[in-house]
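S.K.: Provided below for reference: sequence and predicted model.
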Amino acid sequence: MVLRTLIIDPDSKERLKLREILKKIGQIEVVGEAPSIKEALQLIHFVPYDLLLLYTDLEDESLSSLIKKLKRINTPPMVIALADGGKISPAAYELDAIDFISKPIDEEKLTKAIEKAKHLRPAPYTIKRKGAATVISIPSNAFDEVQLFEAIERSWREGRLPPFQKLPIEKSGKHILIPFSEIIFAEAWGDYTYIYTAEEKIFTSYSLKKLEERFKDSGFFRVHRKYLVNLNQVIEIATMPGQNCYLRTKGKHKMEIPVSRRRLKQLKNILGL
């Protein structure tokens, strides 16, 4: 889930520093910069931002016009307020900022504020039943390809129609759709996962548990706490000394994936062994 972000700060060096920090954090797309509130208001008029990084001690214009503008937006962007030495303008408190950070910017504090923003981001759509139909409502300023496909998939599940068999993934700033059938396995990496296809390894923000839910009834099996495997992509099952079992997969990323002992019996039942 990417947060479209606008940086508002008169100092170009500070804006560059913020960009560099945000690039490390990930799931942040800086789609605008403004040295003044006046220019920021013009950008906000045309672009649906999710997050503003706002230096609150701007002399060119008071914050009142920005506050009024944000209050008129159905789904206003969240605000992280920045200030010199903790001297927050009284007007800044009317912004309902999710966090206040003093300059010089502490990377750890900004990272925590961004993570907070990710969790606070409002749902971009609602799903309601009207008779036999499922209606998806998506605000015009909340469009996101990944969330749209998730909404469609969810409505299809509720309508008992065939499931949407593609996984939305962010790659190089774009959203791509990978058919389930092309995914060989997924490997847990902390709270995230790597998806392996026959040609590449792709980092994703999904947890392995979330993927297990999405791949339900699609031929995937959780063989280990770290691995979720597409059994249709397995070419060999090997039993090693000590009754340890491994699965060998297709593709250039050929791997021997261990099967935990507590899942081995269930796997054999699925495979008819």
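M.R.: Looks like it arrived, so ask away.

S.K.: where does this protein have low pLDDT?
M.R.: The chain contains residues with pLDDT under 70 at 1, 58-62, 86-92, 122-164, 240-243, 251-254.

S.K.: the helices in it, which residues?
M.R.: 12-25, 37-46, 64-71, 107-120, 145-158, 208-214, 261-271 (DSSP state H).

S.K.: can you list those helices in JSON lines and add distance to Ala97 and mean neighbour count?
M.R.: (Each C-beta comes from the backbone N, C-alpha and C, glycine too.) As requested, the helices of the chain are exported to JSON lines (distance: least, Cβ to Cβ, whole Å; neighbours: other Cβ atoms under 10 Å):
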{"stretch": "helix 12-25", "distance to Ala97": "15", "mean neighbour count": "15"}
{"stretch": "helix 37-46", "distance to Ala97": "15", "mean neighbour count": "16"}
{"stretch": "helix 64-71", "distance to Ala97": "11", "mean neighbour count": "15"}
{"stretch": "helix 107-120", "distance to Ala97": "9", "mean neighbour count": "15"}
{"stretch": "helix 145-158", "distance to Ala97": "24", "mean neighbour count": "16"}
{"stretch": "helix 208-214", "distance to Ala97": "30", "mean neighbour count": "15"}
{"stretch": "helix 261-271", "distance to Ala97": "47", "mean neighbour count": "13"}
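
S.K.: would you mind giving those as TSV with distance to Ile176 added?
M.R.: TSV is the format used below for these (distance: least, Cβ to Cβ, whole Å):
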stretch	distance to Ile176
helix 12-25	20
helix 37-46	26
helix 64-71	33
helix 107-120	21
helix 145-158	9
helix 208-214	16
helix 261-271	30
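
S.K.: dump the residue contacts of Thr249.
M.R.: Shown in contact with Thr249 (Cβ atoms under 8 Å, 6 or more residues apart in numbering): Ile184, Phe185, Tyr196, Val229, Gln233, Val234, Ile235, Met255, Ile257.

S.K.: tell me which two in those residues are the farthest apart.
M.R.: Tyr196 and Ile235 (14.0 Å; Cβ to Cβ).

S.K.: where exactly do the strands run in the stretch 151-273 of the chain?
M.R.: Here the stretch 151-273 of the chain has its strands, by DSSP state E, counting those that start in this stretch, at 166-171, 174-179, 185-189, 192-196, 201-204, 220-224, 227-230, 234-240, 244-249, 256-259.

S.K.: the closest residue to Glu170 other than its chain neighbours: what's it in contact with?
M.R.: In this structure, Glu170 finds its nearest non-sequential neighbour in Val2, 6.4 Å apart by Cβ to Cβ, 6 or more residues apart in numbering. Taking Cβ under 8 Å, 6+ apart, we find Val2 in contact with Gln27, Ile28, Glu29, Asp144, Glu170.

S.K.: same check on Leu52?
M.R.: So, once contact is read as Cβ under 8 Å, 6+ apart, Leu52 ends up touching Thr5, Leu6, Ile8, Ala40, Pro77, Met78, Val79, Ile80.

S.K.: more crowded one of Tyr196 and Ile235?
M.R.: Neighbour tally, Tyr196 and Ile235, criterion other Cβ atoms under 10 Å: the higher count belongs to Tyr196, 25 against 10.

S.K.: hey, what's that one bridged with?
M.R.: For Tyr196, the beta-bridge partners under DSSP bridges are Phe185, Lys201.

S.K.: wait, it sits on Glu182?
M.R.: No: taking contacts as Cβ atoms under 8 Å, Tyr196 lies outside contact range of Glu182: 9.9 Å.

S.K.: before we move on, the earlier item: and the helices of the chain: which comes nearest His224?
M.R.: Closest among the helices of the chain, using Cβ to Cβ: helix 261-271, at 7.1 Å.

S.K.: report the angle between the axes of that closest one and strand 244-249?
M.R.: Interaxial angle of helix 261-271 relative to strand 244-249 (axes from the mean of the first three to the mean of the last three Cα atoms, to 10 degrees): 50 degrees.

S.K.: begin at 334 from now on, thanks
M.R.: In the new count, where the first residue is 334, that last one comes out as helix 594-604.

S.K.: what's helix 594-604 packed up against?
M.R.: strand 553-557 (3 or more Cβ pairs under 8 Å, 6 or more residues apart in numbering; DSSP states H and E).

S.K.: please save the CA atoms from the strand it packs on in PDB.
M.R.: Provided in PDB are the C-alpha atoms of strand 553-557 (Å, rounded to 0.1, in the frame of the first residue of the first chain):
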ATOM      1  CA  PHE A 553      -0.700 -23.800  -2.500                       C
ATOM      2  CA  PHE A 554       0.400 -25.500   0.700                       C
ATOM      3  CA  ARG A 555       2.200 -24.100   3.700                       C
ATOM      4  CA  VAL A 556       5.000 -26.700   4.000                       C
ATOM      5  CA  HIS A 557       7.000 -24.800   6.600                       C
END
